[in-house]
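Visitor: got a sequence here, can you build the structure:
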Amino acid sequence: MPLSVTFDSARRTKPDALALPLFDDQPWPTFSALSAKDRAWLADWRRTKTFRPDRGQALLVHPTPKLPLLLLGLGAPKLLDAQAARLAGANLTRLAQRAGLSRVELVLPPQLNTPTLAHAFGQGAVLAGLRFDEFKSPSEPPASSRLRIEVHQSKWLAAVKQGALVSTSANLARRLAATPPNIAHPRAIADACRKMAREVGLRIKVITAPQLRRLGMNGLWSVGRAGSREPCLIVLEHRGKPGKSQTAPVVLVGKAVTYDTGGYSLKTAEGQRGMKYDKCGGMAVLGALHAAATLKIPTPVVGLIAVAENMVDRRAYRVDDILTLYNGLKVEITNTDAEGRLILADALTYACRTYKPAALIDLATLTGGVGVALGQACAGLFVTDPKLRQKLLDAGNAAHERLWELPLWPEHRELLRSDHADLVNSAGRLAHPIQGAAFLSHFVGKNGSPEAWQDRSWAHLDIAYVAAVDKPTPLFDVGPTAFGVRLLTHLVQHWHG
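Guide: Alright, predicted model coming up:
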């Protein structure tokens, strides 16, 4: 079950354990919180053992049966950064959970005592507490379902709590992203958004399938019409600081395909495995809006989540169909497995027409090609505005959700010209990840038109290979990462500098 991780002021009573963040290649602190006997034991143990407190390393030791020590490696002091603190927080949680500890006092070295590092430490500690075991039969009850991490420094405590709140929002997104498609179908996603909006004070509107059809959102409607539940467009609004509600919002758009068979362009059995994660872009938008409301971020933020299930039956859309999308462009279907761009196209047009956004950012598990190009270390970034580019790169580096820019030129848009319609939805494998961005660029101009697309402050993030991990890491169990929640929260939190 998930471990509830909280931070609070240190008590006078003895904790279950002490957590000691340590640097490599320098004398370890004397740790006044330890008894003289424990300090002598630790010094002797260090001389005889090979543990090095490198970045991301951690170990549980027992100088006495009554007070275990959690040793958290930070690496070299000159290389200390937010990610080192994030990993240390994650390792504290993992060690404490394995040992069944419920109260740990953190003995803070001076170098770690900054708001930025505290924020990152809190993020890591909470991210590592999530387990995707909801559908497993319990083998034995956990030793503890709660972990309280205690510190003495009040300013550090305030910052670490902020970081923990951001990761609480990310974990909400991760839980929904990991939920199987027979449970997390489009209607269930809409219900989850309604519940979340009530809890944190967001405005919400759900545009239903009949409304999609009346409005002419035929991309979203056609992709989802064969699903077990009807498609919808979820609109979440965070109004921001009082008096700023009339300010142009930052609009976030996410793809949430609750399951993707590929449609009639059917995926293989192996290719379908993990397609419940095709909703990760939409879940990242949900998490970012949750964080904006929870943290009371002053910048107005709108989240649009395009939700559909791409299935096969007599109602499903087909290769050779020609669809008229919300902005009036006619799209020839050449691949029903290139469905994400169709549902995003209608959502992007809606964003442009309804909100006149200060910036428009979409996230999607859009193409396998982005993984071929960039691997799993970063997401692909396509962006029209130099200022937005820098804001996104800075936010990605701060959150360690890194981005790498790929080109998007007029020549790439020409790849998608159709002989029988305005566009095709897929033109083969050439420039595969760029094709997805090039298609979307036809829906971000004035009022969602294909013209003047470069005048829009718009970014497309292809998160296909960073949305989930297939091996455990210090921060994440196997499953979704909620890539984008921390990045976007940092972005809107620092929107005005």
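
Visitor: show me where the stretch 101-250 of the chain has strands.
Guide: Remark: strands of the stretch 101-250 of the chain, listed N- to C-terminal, are 103-106, 146-151, 203-207, 232-238, 250-260; assignment by DSSP state E, counting those that start in this stretch.

Visitor: need those in CSV (columns: mean pLDDT).
Guide: Formatted as CSV, those follow (pLDDT from 0 to 100):
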stretch, mean pLDDT
strand 103-106, 95
strand 146-151, 95
strand 203-207, 98
strand 232-238, 98
strand 250-260, 98
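
Visitor: who wins for proximity to H185 among those?
Guide: Closest of those to H185 is strand 250-260, at 5.4 Å (criterion: Cβ to Cβ). Quick note: C-beta positions are derived from backbone N, CA and C, even for glycine.

Visitor: ranking helices and strands of this structure by mean pLDDT, which lands last?
Guide: Sorted by mean pLDDT, DSSP states H and E, the helices and strands of the chain end with helix 36-48, the least confident at a mean of 77.

Visitor: packing partners of it?
Guide: Counting by 3 or more Cβ pairs under 8 Å, 6 or more residues apart in numbering; DSSP states H and E, no packing neighbours are recorded for helix 36-48 among the helices and strands.

Visitor: go through the strands of the stretch 101-250 of the chain and pick out the most buried.
Guide: strand 250-260 (a mean of 29; mean count of other Cβ atoms under 10 Å).

Visitor: gap between the two ends of stretch 306-314?
Guide: One end of stretch 306-314 sits 23 Å from the other (Cα to Cα, to the nearest Å).

Visitor: try stretch 213-220
Guide: The first and last residues of stretch 213-220 sit 9 Å apart, counting by Cα to Cα.

Visitor: over to stretch 472-482?
Guide: Termini of stretch 472-482 sit 15 Å apart (Cα to Cα).

Visitor: buried stuff in that stretch?
Guide: Using 16 or more other Cβ atoms under 10 Å as the test for burial, stretch 472-482 gives P474, L475, F476, D477, G479, P480, T481, A482.

Visitor: thought L127 was touching the fourth one, still the case?
Guide: No: between D477 and L127 no contact is recorded; they are 9.7 Å apart, counting by Cβ atoms under 8 Å.

Visitor: any idea how far the residue nearest to E405 when sequence neighbours are not counted is from R194?
Guide: Spatial nearest neighbour of E405, chain neighbours left out: L381 (4.6 Å); criterion: Cβ to Cβ, 6 or more residues apart in numbering. For L381, the distance to R194 (Cβ to Cβ, to the nearest Å) stands at 32 Å.

Visitor: buried residues in the least confident helix or strand of the chain, which are they?
Guide: D38, R39, W41, L42, R46.

Visitor: next: stretch 271-284.
Guide: Per 16+ other Cβ under 10 Å, stretch 271-284 contains these buried residues: M275, K276, Y277, D278, K279, C280, G281, G282, M283, A284.

Visitor: now swap in stretch 426-437 and tell me
Guide: Residues S426, A427, A431, H432, P433, I434, Q435, G436, A437 are the ones in stretch 426-437 that count as buried (16+ other Cβ under 10 Å).

Visitor: how much space between the fourth one and A364?
Guide: This means H432. Taking Cβ to Cβ, one finds H432 at 14 Å from A364.

Visitor: so what secondary structure elements neighbour the lengthiest helix in the chain?
Guide: For the chain, the longest helix by residue count, based on DSSP state H, is helix 154-178. For helix 154-178, the packing partners by 3+ Cβ pairs under 8 Å, 6+ apart come out as strand 4-9, helix 115-127, helix 186-200, helix 280-294, strand 479-480, helix 485-493.

Visitor: of these, which is nearest P21?
Guide: Nearest to P21, of those and by Cβ to Cβ, is helix 115-127 at 8.6 Å.
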